[in-house]
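**Student:** sequence first, predicted model second:
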Amino acid sequence: MPATVYQAPLRRTALLTLGAIGFVAASIWLLVTHQSVRADITGAVGVLFFGWAGAVSSARLIRRKPELVITDEGLSHRTWGRVSWSEVRAVAISQVMVRNTRQQMIEVVLHDPDGYVKRASPAARTLMRANRRFGFSPINLSAVVLPVPLTDVLAAMKRHRPDLVVNP
């Protein structure tokens, strides 16, 4: 069966980039116009964080690699890398509350999460450890970066791996 390929939505990525640039500008304004230690710290952290976010999303706009590729052998994610189906115990749609908004994601439950984290790149390893600290699997596929509903992604996974366990 041919691979199922998902690109990150161009419009959403562009909006994230513009938002990051806007927050960098606001953080610089805070640094320049307010004369307090609190404003200096907030502005500096804002410039660093949103500058990094803007650089990452700009790179994603320039280098249009697939966000997720699903094959009969496994899946390959832009951030998490390659995962063989033999490493996957189950998948499920999970939700996390961010302020007053529900963010959906596909949680990929692994047989040996610690072993997978050890093999990951340093940047992915840091994010995976953060996911584990919040009580999630190291690998989560966010709805924000996928161009289709998560149920469609799960259906594609089942097409490529019919015996895949999908938890409610």
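**Tutor:** Everything's here; your move. Numbering: from 1, shown residues only.
**Student:** bridge partners for the residue nearest the centre of the chain, pull those for me.
**Tutor:** Taking CA atoms, centre = their mean, the centroid of the chain lies closest to residue 142, which sits 5.2 Å from it. With DSSP bridges as the criterion, residue 142 is bridged to residue 105.
**Student:** correct me if wrong: it contacts residue 103.
**Tutor:** Yes: with contact defined as CB atoms under 8 Å, residue 142 and residue 103 form a contacting pair (7.0 Å). Just so you know, the C-beta spots here come from the backbone N, C-alpha and C atoms, and that holds for glycine as well.
**Student:** show me the contacts for the residue nearest to the centre of the chain.
**Tutor:** 103-105 (CB atoms under 8 Å, 6 or more residues apart in numbering).
**Student:** ok, 10 Å please
**Tutor:** By CB atoms under 10 Å, 6 or more residues apart in numbering, the contact set of residue 142 is 67, 79, 96, 103-106, 150.
**Student:** hang on, the earlier thing: what sits in contact with each of residue 142 and residue 103?
**Tutor:** Joint contacts of residue 142 and residue 103 (CB under 10 Å, 6+ apart) are residue 96.
**Student:** how much space between the residue of the chain most remote from its centre and residue 166?
**Tutor:** Most distant residue from the mean C-alpha position of the chain: residue 35, 36.2 Å away (CA atoms, centre = their mean). With distances taken as CB to CB, to the nearest Å, residue 35 is found 56 Å from residue 166.
**Student:** state the pair within the contacts of residue 142 that is farthest apart.
**Tutor:** Across the contacts of residue 142, the longest distance by CB to CB is 18.9 Å; it joins 67 and 96.
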